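In: here is my input; please provide its structure:
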Amino acid sequence: HIRIRYNHISDNTALGGTGGGIALYTGSDNYEVTDNAICGNFSIGNGGGIGHQGLSLNGLIADNKIVFNQCFNQGLTVSGGGISIGGEVPLIGMNGLTPGSGAVLVLDNLIQGNNAAAGDGGAIRLQYVNGQDVGRSRNQPAGWYAINIFNNMIVNNVAGLAGAISLQDAARVNII
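Out: Numbers count the residues shown, from 1 in each chain. Now for the predicted structure:
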């Protein structure tokens, strides 16, 4: 139940992990990141502006200005210049399935001018969102974690590899 609201988060650097401006890790259930200016942050991991890494249920990223953030690592492909939402890398002993990221709603944000310099998803990167949840309810998509990207202004973002929005292992995504 973390609430990050009414902040100006700028000019920060993450030298490991995810999230140059805001980093949310496993267990940050029911978080809300709302009404912030997240600008000019840098990460050598995923998520220049906001990084959600691991299983956290029911996240909300809404009404923010996520502008001019960057992720870059010369030796690795890192992604999600503005926002990265991802589960943990799949474990070999768990049938190769990730626990997933949990459901997240990305609503009414301005996502502009972000850069995934050598990766995917200049604005938003979704990776390892689904895995074990799909395995548990194979024929029931209502039981899978959903990422809903609704009513955002996504403009002038740059990716070194592919896409303003990039998806990998994300089975239930709505972009409207």
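In: low pLDDT regions in this protein?
Out: 93-94 (pLDDT under 70).
In: go again using 80 as the cut-off
Out: Across the chain, residues meeting the criterion (pLDDT under 80) sit at 91-95.
In: which residue of it sits farthest from its center?
Out: Here the chain reaches farthest from its C-alpha mean at Asn139, the gap being 26.0 Å by C-alpha atoms, centre = their mean.
In: doesn't that one lie inside a strand?
Out: No. When DSSP: H, G, I helix; E, B strand; the rest coil is applied, Asn139 is found to be coil, with no strand at that position.
In: which phi and psi does it have?
Out: Taking degrees, to the nearest 10, you get phi -110, psi 20 for the backbone angles of Asn139.
In: list the contacts for Asp120?
Out: With contacts defined as C-beta atoms under 8 Å, 6 or more residues apart in numbering, the neighbours of Asp120 are 77, 79-80, 159, 161-163, 166, 168. Placement of C-beta: from N, CA and C, glycine included.
In: and stretch 153-163, which residues are buried?
Out: Within stretch 153-163, the residues scored as buried using 16 or more other C-beta atoms under 10 Å are 154, 157, 159-160, 163.
In: and that stretch, how far apart are its ends?
Out: Using C-alpha to C-alpha, to the nearest Å, the gap from the first to the last residue of stretch 153-163 comes to 15 Å.
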